[in-house]
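Novice: Predicted coordinates and the sequence they were generated for:
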Amino acid sequence: MPPASRRVSPHVLREGLRVLSVAVRAEPRVFTVSVIASAVYAAMTVATAQVLGWATQTVVLPAFRDGHTTAGALSGAAAAIVGVALLKALGVAGRRFYAGLMQYRMQAAYRRSVTRQYLRLPLAWHHRHPTGQLLSNANADVEAVWAPIAPLPMAVGVVFMLLIAAVSILLTDVAVAAVGFLIFPAIALINVVYQRRLAPVATRAQQLRAEVSEVAHESFEGGLVVKTLGREAAETERFRERAHELRDANIAVGRIRGLFDPVLEALPNLGVLAVLLIGSVRLESGAMTAGDLVHVAYLFTLLSWPIRALGWVLAEVPRSVVGWERVRGVLDATGSLPFGDAALGEDKAAALEVRDVRFSYEGADGDREVLHDVSFTASPGRTLAVVGPTGSGKSTLTSLLVRLVDPADGSVLLDGLDLRDVRRGGVAETAALVPQQTFLFDDTVRGNVTLGLDVPDERVWEALRLAQADGFVAALADGLDTRVGERGASLSGGQRQRLALARALVRRPRLLILDDATSSVDPQVEARILQSLREAQSLRDDGGGATVVVVAYRKATIALADEVVYLDRGKVTARGTHTELLETSEGYRNLVNAYERAEAEQEALDGGEEALA
């Protein structure tokens, strides 16, 4: 089930407390320190009222009655007030620092957990989940989950404060306490109604954040298509609709908060007025002193703001629960690729065998089988070409060869070992795939080729030479240190493909898979690339060479392969040399000849345009 489709439990508060307990168990020391600091703040808040009541009764009123006071009395009162204020400030600083530390640690930990899970989950799982939604899970949802942590220690401190204040007020005057305490059940009742109203609206707003992110990501990714086809207005409208839905959902959240926040703000102040009213009657009757009244009234005044911390926590709980459900939807996802303990060889080109492989893509209308009963072998050090019409399953096959996905049935073997039995990282150390879609980072040429691999520049240049990229890289302003821009925007399509090929070659794989990876380069350059791979004595330090599997459509490229596998409608329908298949397979012959005619026509068209120019 996708994370966005999960429903939040109706017991939002209980679920929210359960989420917060996860954070407390994860960071017990930090939470304890922040709660202790909050408790100090709470105690000093009550102590402030006590000190002010004492100072009023023993210093201020005698001064008004007698017309004078002593320096010692004033100094004592000032010292008591300043001392309590300093301890209170220390509690505030400690509470805020450690609460923030706990919140950011939890956010960082769960972002790492989500992204690690993304890496563990197979490619098939990612096909079912939009990228924008996954970005939202790792960012907005994680932030929402731990948003209540910041006010949580203060809310816990408020509980201490209420207990201390309740005892202090009861010891001062029971009648005034009875009136003042009516405020707390009222706050609790309002918060219950608040949560029930806010939870579904917050759920919708959180889901819409993911949808807006998804639309924005698709528009950015397809920017070239959008601009070349003049779809800017349509994409703007699509984004506008989602953005306005999110705006309306956020306004609905704000409207509910705007309705309840003033009520929660007013209730403590009404409590103060009630205390002053009853306290003045009690003062006239002599049942309490002026200092006691100042103490109780000031205490209720101080409590009006900290009590809001409870409301802050409760206000964030619905979003937290929604975010938690969405994040858990990722962390609990199944389908990760299991690994074995076997190690692949390191001393020679890999022997490849595909045995009775079947594979299907999951879809809303049921599974769509792409490959069925595919079997072939590639001998070590040989070049195998995979040829087939569009939609025959060639790219899916390359994903299976490097274990981006596992077959539903059958197996892929390297050196006689099923890829599912190979240890984690073993396939990546042995095989390299250069896909159809070339991706370059906004980094230098060197950074894009090595991708963090610690190799000398001589080895980088060797890979560039094999990929026929050394010439244009040497001509760049800063050579290997030239930045290529986002997605390699400063390079041509063919140059990007050659850098992607060099990226694979610098790792000196024992199995190299090229999925139409030279389609953007000239046929002559493509031929030189494949010829250099065939003539190279080694792609690795041990001299063992590499087995090459190339998905191709150009006749000149296919002719360089030692053997050809013809794939049609997900099945291997013919196998042999290029010459043999031209004679024995009508489908193969028609396909490669059609490609050749199309290329010839395109070259003629390009030549005519140049002549006219």
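Specialist: Noted; the coordinates are in hand.
Novice: got the contact list for the residue lying farthest from the centre of the chain?
Specialist: Distance from the C-alpha centroid of the chain, by CA atoms, centre = their mean, peaks at Asp66 (70.4 Å). Under the criterion of CB atoms under 8 Å, 6 or more residues apart in numbering, Asp66 has no neighbours. To be clear about C-beta, it is placed using only N, CA and C from the backbone, and glycine gets the same treatment.
Novice: Okay, it and Val145: tell me how far apart.
Specialist: Asp66 is 61 Å from Val145, where distance means CB to CB, to the nearest Å.
Novice: go on, Leu453?
Specialist: Separation of Leu453 from Val145 (CB to CB): 36 Å.
Novice: higher neighbour count, these two?
Specialist: Counted by other CB atoms under 10 Å, Leu453 and Val145 do not tie: Val145 has more neighbours, with 27 against 11.
Novice: What confidence value was assigned to the more buried one?
Specialist: Listed pLDDT for Val145 reads 85.
Novice: Kindly confirm whether my reading is correct that it touches Trp324.
Specialist: Yes. Using CB atoms under 8 Å, Val145 is in contact with Trp324, at 4.9 Å.
Novice: what's the overlap in contacts for those two?
Specialist: Val19.
Novice: What is the neighbour count of Pro262?
Specialist: Burial of Pro262 is recorded as 10 neighbouring residues (other CB under 10 Å).
Novice: Apologies, that question was intended for Val159.
Specialist: A count of nearby residues for Val159, using other CB under 10 Å, gives 15.
Novice: what's the answer for Ala574, then?
Specialist: Using other CB under 10 Å, the number of residues around Ala574 comes to 18.
Novice: can you check the one 3 residues further on too?
Specialist: Around Thr577 sit 15 other residues, with neighbours defined as other CB under 10 Å.
Novice: which ones are touching it?
Specialist: Contacts for Thr577 (CB under 8 Å, 6+ apart) come out as 562-564.
Novice: before we move on, what about Ala343?
Specialist: By CB under 8 Å, 6+ apart, the contact list for Ala343 reads 422-423, 426.
Novice: and the gap between it and Val506?
Specialist: Counting by CB to CB - Ala343 and Val506 are separated by 22 Å.
Novice: And Arg29, by the same measure?
Specialist: From Arg29 over to Val506 the distance is 46 Å, taken as CB to CB.
Novice: Name the residue in those two with the higher neighbour count.
Specialist: Higher neighbour count among Arg29 and Val506: Val506, with 23 against 9, using other CB under 10 Å.
Novice: Give me the pLDDT value at the spatially closest residue to the more buried one that is not a sequence neighbour.
Specialist: Excluding its sequence neighbours, the residue lying closest to Val506 (CB to CB, 6 or more residues apart in numbering) is Ala463, at 3.9 Å. On the pLDDT scale, Ala463 is placed at 84.
Novice: Could you tell me how many residues sit around Ala463?
Specialist: 23.
Novice: and it, backbone torsions?
Specialist: Per-residue torsions, Ala463: phi -60, psi -40 (degrees, to the nearest 10).
Novice: In contact with it, which residues?
Specialist: 449, 502-503, 505-506.
Novice: want to throw those into JSON lines with distance to Arg18?
Specialist: Formatted as JSON lines, those follow (distance: CB to CB, whole Å):
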{"residue": "Val449", "distance to Arg18": "48"}
{"residue": "Ala502", "distance to Arg18": "51"}
{"residue": "Arg503", "distance to Arg18": "46"}
{"residue": "Leu505", "distance to Arg18": "52"}
{"residue": "Val506", "distance to Arg18": "49"}
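Novice: of these, closest to Gln117?
Specialist: Distance to Gln117 across these (CB to CB) is lowest for Arg503, with 25.8 Å.
Novice: In a markdown table, list the contacts of Ala463 along with secondary structure.
Specialist: Listed next are those as a markdown table, based on DSSP: H, G, I helix; E, B strand; the rest coil:
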| residue | secondary structure |
| --- | --- |
| Val449 | helix |
| Ala502 | helix |
| Arg503 | helix |
| Leu505 | helix |
| Val506 | coil |
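Novice: out of those, who has the most neighbours?
Specialist: Within the contacts of Ala463, neighbour counts (other CB under 10 Å) peak at Val449, which reaches 30 neighbours.
Novice: Tell me how far that residue lies from Thr482.
Specialist: Distance check for Val449 against Thr482: by CB to CB, it reads 12 Å.
Novice: before we move on, what about Ala42?
Specialist: Using CB to CB, Ala42 is found at 60 Å from Thr482.
Novice: of the two, who's got more company?
Specialist: Applying other CB under 10 Å to Ala42 and Thr482 shows that Ala42 carries more neighbours, namely 28 against 16.
Novice: show me the contacts for the more buried one.
Specialist: Neighbouring residues of Ala42 by CB under 8 Å, 6+ apart: 91, 157-158, 160-161, 164, 306.
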